[in-house]
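[1] for reference, the sequence and a predicted model appear below.
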Amino acid sequence: RSVPIPPTITLGGQPVPPVDCAKGLGFLIDKDLTFNEQVTSMISKASRRLHYLRLLTKQGTSVTDLIQIYLALVRPVLEYGHVLLVGCSKEQELAIERVQRRALRIISLGGRRSVPDLPTLKSRREDAAVHLFQRMLQEDHPLHDLVPPTRSGATGRTLRNSGTISLPKARTKRLSNSFLHCAVRLYNKTIQQ
């Protein structure tokens, strides 16, 4: 199968060259929507910030202060735009979680000090996706038009699962791992519990 040639886009009379990766609002989007560039970039940026934790640990800073510094300096880098990464690949997910585990190992001096358990970044991503989707259900939300109908709205019948959202069919894995599909699945799971 041949790859279609993208049309030439002009802006102000000048042709816009196609690129493999574009940055918008600090988020890297590659041409295949795999978010590999974004994950790699945020992992390297967060890893550089772990150096401050190492320095402060050597100075004898308390565990609670180090946790607060991690939450203020490192975790925001790992969570920037994280609702888009809710359907990321297993390798990307493990790489992101590895940074948090490294930070906790630095704070605990390799296990010599006890450190409180922090929620996984995956669970925080999923909670944020469900929260955003719940806000999207409100009619005044700008993204409300993207929300698929409820089961009762789609079938016109009263069903046991009438409060759940109909998941649109996805022929590709990329679409089934997109934010909207993952958020609908997570939202339906929370409603059924």
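    Happy to help now that I have it.
[2] which parts of the top helix by length along the chain are buried?
    Of all the segments assigned as helix in the chain under DSSP state H, the longest by residue count is helix 36-58. Going by neighbour count (16 or more other Cβ atoms under 10 Å), the buried part of helix 36-58 is 36-39, 41-43, 46, 49-50, 53, 56-57. All C-beta spots, glycine's among them, are computed from the backbone N, C-alpha and C.
[3] take those and write them to JSON lines, including distance to Pro7 and pLDDT.
    Conversion of the buried residues of helix 36-58 to JSON lines gives the following (distance: Cβ to Cβ, whole Å; pLDDT from 0 to 100):
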{"residue": "Asn36", "distance to Pro7": "25", "pLDDT": "94"}
{"residue": "Glu37", "distance to Pro7": "24", "pLDDT": "95"}
{"residue": "Gln38", "distance to Pro7": "26", "pLDDT": "96"}
{"residue": "Val39", "distance to Pro7": "29", "pLDDT": "96"}
{"residue": "Ser41", "distance to Pro7": "29", "pLDDT": "96"}
{"residue": "Met42", "distance to Pro7": "32", "pLDDT": "96"}
{"residue": "Ile43", "distance to Pro7": "34", "pLDDT": "97"}
{"residue": "Ala46", "distance to Pro7": "38", "pLDDT": "97"}
{"residue": "Arg49", "distance to Pro7": "41", "pLDDT": "96"}
{"residue": "Leu50", "distance to Pro7": "44", "pLDDT": "96"}
{"residue": "Leu53", "distance to Pro7": "48", "pLDDT": "94"}
{"residue": "Leu56", "distance to Pro7": "53", "pLDDT": "95"}
{"residue": "Thr57", "distance to Pro7": "54", "pLDDT": "94"}
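[4] show me the helices in this protein, by range?
    Counting by DSSP H, the chain has helices at residues 36-58, 63-69, 75-78, 90-107, 121-136, 151-155, 173-176, 179-192.
[5] tell me which of those sits nearest to Asp145.
    Counting by Cβ to Cβ, Asp145 lies closest to helix 121-136 out of these; the figure is 9.2 Å.
[6] which residues sit against the closest one?
    Contacts of helix 121-136 with the rest of the structure, by Cβ atoms under 8 Å, 6 or more residues apart in numbering, involve 75, 78-79, 82-83, 85-86, 93, 96-97, 100, 141, 143-144, 146-147, 179, 182-184, 186-187, 190.
[7] cool, thanks, signing off.
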